[in-house]
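Visitor: The sequence and its predicted three-dimensional model are supplied below.
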Amino acid sequence: QVQLVESGGGVVQAGGSLRLTCEASGRPVSDYSMDWFRRKPGNQAREWVAQIMKSSNVTHYARSVKGRFTISRDDAKKTVYLQMNNLQRDDTTVYSCCYAITPNLWGQGTQVTVST
């Protein structure tokens, strides 16, 4: 059974940093492109944040986070990270990860709250 568990969220002041962790079980992360998403404010829709591609480790970012967030992966630990720097109030929401091939499989997410 494939499962994803996100952690690392919390409360941080604007301008601060957090590192989110996504731990996978039941399937390696090394052979798949992995994505981070976040909830859009006020509704249940998810907004794509970042992707790390399989094999090549090429990364892609949403315009709103480019230059501030960094996605990375530790294949041995079956873990994907999202380093978030210079956090802003608009970054406040729940963050989740998924395999790009199964965007309907999510963990419980982790809450990030940026205070001003």
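Guide: Okay, I see it. Not measured: the values here are computed from a predicted model.

Visitor: mind checking which helix or strand the one residue sitting closest to the centre of the chain is in?
Guide: Closest to where the C-alpha atoms of the chain average out (Cα atoms, centre = their mean) is residue 36, at 3.3 Å. If you go by DSSP states H and E, residue 36 is part of strand 34-39.

Visitor: elements contacting that strand?
Guide: Judged by 3 or more Cβ pairs under 8 Å, 6 or more residues apart in numbering; DSSP states H and E, strand 34-39 is in contact with strand 18-25, strand 46-52, strand 69-74, strand 79-84, strand 93-99. No exception for glycine: its C-beta is placed from N, CA and C like everyone else's.

Visitor: From the rest of the structure, what touches the longest one?
Guide: Read that as strand 18-25. 1-10, 12, 34, 36, 77-84, 87, 95, 97, 99, 107, 110, 112 (Cβ atoms under 8 Å, 6 or more residues apart in numbering).

Visitor: now do the second one
Guide: Contacts with strand 46-52, where a contact means Cβ under 8 Å, 6+ apart, come from 33-40, 58-62, 65, 69, 71-73, 80, 82, 95-96, 100.

Visitor: So in that sheet, which strands flank the helix or strand immediately after it in the chain, and in what orientation?
Guide: Where DSSP H and E defines the elements, the next helix or strand beyond strand 46-52 is strand 59-61. Neighbouring strands of strand 59-61 in its sheet, by DSSP bridges, are strand 46-52 (antiparallel).
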